[in-house]
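Enquirer: Okay, sequence plus prediction incoming.
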Amino acid sequence: MPGCAHCGRTLDIIANQVGRNDACPGCDEDLRSCRNCRHFDLSVAKACKEPFAEVPRDKDASNFCELFQLGEGGLHVKDSRDALLSAAESLFRKK
């Protein structure tokens, strides 16, 4: 079942019918964005598993990508320096 990558809410969308101006009813974030695409993956080049995609800089904003396919909505944490530092500190914290 498709879901929002920002808030995790399940979406009642059938057959990838997501318009450029559609927003999540739970968090009001753009649905047709890289973070909501099934090809989005931070571990690959340009954070996109589709090699021929023209990837926009803003992964949260709505875009015109022709290869967009709505993903399952696994929550994607926005990159943040503070979040990364706190995760590293908790990893190496002495008990």
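Expert: Here it is on my side, so go on. Nothing here was measured: the structure is a model prediction, and the numbers come from that model.
Enquirer: Poorly predicted segments of the chain, please.
Expert: Low-confidence segments of the chain, defined by pLDDT under 70, span residues 74-84, 94-95.
Enquirer: do that again at 80, thanks
Expert: Low-confidence regions of the chain, defined here as pLDDT under 80, cover residues 1, 14-16, 73-88, 93-95.
Enquirer: Would you quantify the distance from the residue most central in space within it to residue 93?
Expert: For the chain, the residue nearest the mean C-alpha position is residue 35 (1.5 Å; Cα atoms, centre = their mean). Note on residue 35: its distance to residue 93, by Cβ to Cβ, to the nearest Å, is 30 Å. Glycine gets a C-beta too; all of them are placed from N, C-alpha and C.
Enquirer: Equivalent analysis for residue 46, please.
Expert: When distance is defined by Cβ to Cβ, residue 46 is 33 Å away from residue 93.
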